[in-house]
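Asks: whatever this is, show me its structure:
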Amino acid sequence: MQRQQWDRAKVPAAILIITLALACIAVALSGMTGWALGVAMGGQLIALLWMATNSAERELKVALVAPAFQRQRRHRVITQLRDVRDATNALPDAVVLLDHQGRVRWFNAAATRLLGLRERNAASPLAEQVAGSELGAWLQTGMTESAVDLPAPLDPLLRLSLTIMPFGAHLRLLLARDISTLSRLEQVRRDFVANVSHELRTPLTVIHGYLELLDPGEVPELAPVLGEMRMQSQRMRQIVEDLLTLSRLETGEALADEDVAMLPLLETLRREAEALSRGRHHIRIDADTRARLRGSIHHLHSAFSNLVSNAVRYTPSGGEIVIGWRQTANGGATFAVRDSGMGISAEHLHRLSERFYRVSSSRSRESGGTGLGLSIVKHVLNLHQGRLVIESEPGHGSTFSCVMDASRVLPPESDGSTEVETPTA
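Replies: As a prediction, the model looks like this:
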């Protein structure tokens, strides 16, 4: 196509060159200047007419083709938009497009079913349309959390997982998914674990009591068996207690709002670690602040004690364990337990807080662990707006840090002292 256009463009240029050449030959041979000029002018006129004709033809073709092309393009865009609309309406999840002021710009069919949105309220703020519900209260707070689980505005029995994200330059996209079935299954699981653990506690207590009454000295040949039975019954009792604790944490029981003095708590944790270590490790405290925490001292002590006891169990004899408490630049604080143990490979780190997950089953059983300690730590921190951060490398030990939000950190009590005295072993 391009070659044909180029060939056609060369025709008028060739005519111009030929006419000029003929004019020059005529002048040279006969001196007939007027005849030569006439030939030249005629050739030029023919060339100009040719060029004008081609230009008009091209413009006419563009004028005829452009509207058809624009219609095709418009039809294609409309078809694509219709496909997107039909696809989003087919989704089981609610999709709501909001502007920078929280007003509804567009929503799909599922938003009517899950959120109660109607076409007549399309231009009004979403918070006004769902006022009086937990979703409305969440929207009124400015949606500081990007994801949350709340009951549906029209039917409290429906549980929704809500996510909000930026979209485009000044828009936001709200996604709502019905997780009622998953919530019911999770509740059934929690109830089952709590009931079974509660029912197991009594017979295990009876069995352990009778084992304690048996004297291995009276039957020396059964002494190893009795020792193993006592150890395993105690381990089963500990698993049951941890399951009950985890079940209570998962139900979101109300936390005590107490002022927790951290330095005395650190000293208590150090003494407990030394009792568990029996002199096999060097244990010390590293604190640079007297800041306190707001929360449940019972739950916080349980979580921190789990981390310290794990460090003692999994650190070889002669190793060092450091219990740290430091304030961060953003006003928060970090409780950390650092050990010089064998470390953990990277592929295990993201799963350590799962129930019963073990890096090494044999090592965990030998140390007496239940596999629930880090799950308890994670849930306690969630209830205190904190998070667990794990850093470890094989051969270089591990650091388990509880990062506490600034809203949970309280200033030190004014006792007239300004320096922090770091207790040591």
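Asks: pLDDT below threshold where in the chain?
Replies: 1-66, 68-69, 81, 84-85, 88, 121, 142-146, 252-254, 360-369, 414-425 (pLDDT under 70).
Asks: pop the domain breakdown of it in here.
Replies: 2-87, 91-178, 182-250, 258-410 (automatic domain parsing).
Asks: straight-line length of the shortest one, end to end?
Replies: Using CA to CA, to the nearest Å, one end of domain 182-250 lies 15 Å from the other.
Asks: now the domains of the chain as CSV including mean neighbour count?
Replies: For glycine as for every other residue, the C-beta is placed from the backbone atoms N, C-alpha and C. Output for the domains of the chain, formatted as CSV (neighbours: other CB atoms under 10 Å):
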stretch, mean neighbour count
domain 2-87, 12
domain 91-178, 16
domain 182-250, 14
domain 258-410, 17
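Asks: now tell me what touches stretch 319-336 from outside.
Replies: Here stretch 319-336 makes contact (CB atoms under 8 Å, 6 or more residues apart in numbering) with 262-263, 266, 269-270, 273, 277, 281-289, 291, 293, 304, 308, 311-312, 315, 337-341, 397, 399-406, 408-409.
Asks: before we move on, what about stretch 257-267?
Replies: Outside of stretch 257-267, the residues within contact range by CB under 8 Å, 6+ apart are 285, 287, 290-297, 300-301, 304, 323, 325, 335, 410, 413, 420, 423.
Asks: could you rerun that using 6 Å?
Replies: For stretch 257-267, contacts defined as CB atoms under 6 Å, 6 or more residues apart in numbering pick out 285, 292, 293, 297, 300, 323, 325, 423.
Asks: ok, stretch 160-179 next?
Replies: With CB under 6 Å, 6+ apart as the test, stretch 160-179 has contacts from 93-94, 96, 98, 100, 114, 143, 147-150, 152, 159.
Asks: can I get the residues you listed in JSON lines with secondary structure and distance to residue 70?
Replies: Output for these, formatted as JSON lines (DSSP: H, G, I helix; E, B strand; the rest coil; distance: CB to CB, whole Å):
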{"residue": "93", "secondary structure": "coil", "distance to residue 70": "36"}
{"residue": "94", "secondary structure": "strand", "distance to residue 70": "36"}
{"residue": "96", "secondary structure": "strand", "distance to residue 70": "33"}
{"residue": "98", "secondary structure": "strand", "distance to residue 70": "33"}
{"residue": "100", "secondary structure": "coil", "distance to residue 70": "33"}
{"residue": "114", "secondary structure": "helix", "distance to residue 70": "40"}
{"residue": "143", "secondary structure": "coil", "distance to residue 70": "42"}
{"residue": "147", "secondary structure": "strand", "distance to residue 70": "44"}
{"residue": "148", "secondary structure": "strand", "distance to residue 70": "46"}
{"residue": "149", "secondary structure": "strand", "distance to residue 70": "49"}
{"residue": "150", "secondary structure": "strand", "distance to residue 70": "47"}
{"residue": "152", "secondary structure": "coil", "distance to residue 70": "45"}
{"residue": "159", "secondary structure": "strand", "distance to residue 70": "49"}
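Asks: and which of those residues is nearest to residue 376?
Replies: residue 149 (21.4 Å; CB to CB).
Asks: now do the contacts for the closest one.
Replies: Here residue 149 is in contact with residue 161 (CB under 6 Å, 6+ apart).
Asks: next one: it from residue 86, what distance?
Replies: Going from residue 149 to residue 86 by CB to CB, to the nearest Å gives 29 Å.
Asks: for residue 230, same thing?
Replies: Counting by CB to CB, the gap from residue 230 to residue 86 is 68 Å.
Asks: how about residue 282?
Replies: 68 Å.
Asks: and for residue 373?
Replies: Distance, residue 373 to residue 86, using CB to CB: 51 Å.
Asks: sticking with residue 388, tell me its helix or strand.
Replies: Using DSSP states H and E, residue 388 maps to strand 386-392.
Asks: next one: residue 401
Replies: Per DSSP H and E: residue 401 is located in strand 398-404.
Asks: next SSE downstream of that strand?
Replies: Counting by DSSP H and E, what follows strand 398-404 is strand 409-410.
Asks: list the strands paired with that next one, with their directions.
Replies: Sheet partners assigned to strand 409-410 using DSSP bridges are listed as strand 292-295 (antiparallel).
Asks: can you list contacts of the partner strand?
Replies: Residues outside strand 292-295 that contact it (CB under 6 Å, 6+ apart) are 259, 260, 261, 262, 384, 408, 410.
Asks: now with 8 Å, please.
Replies: Here strand 292-295 has contacts from 255-262, 300, 333, 383-384, 404, 407-413, using CB under 8 Å, 6+ apart.
Asks: tell me what the next helix or strand after that strand is packed against?
Replies: Sequence order places helix 297-314 as the next helix or strand after strand 292-295, per DSSP H and E. On a contact count with 3 or more CB pairs under 8 Å, 6 or more residues apart in numbering; DSSP states H and E, helix 297-314 meets strand 258-260, helix 262-277, strand 320-327, strand 333-339, helix 361-367, helix 373-383, strand 398-404.
Asks: identify, from the contacts of stretch 257-267, the entry nearest to residue 71.
Replies: residue 293 (68.6 Å).
Asks: tell me what that closest one is bridged to.
Replies: Beta-bridge partners, per DSSP bridges, of residue 293: residue 260, residue 409.
Asks: so what's residue 227 closest to, chain neighbours aside?
Replies: Closest residue to residue 227 apart from its sequence neighbours, by CB to CB, 6 or more residues apart in numbering: residue 216 at 6.8 Å.
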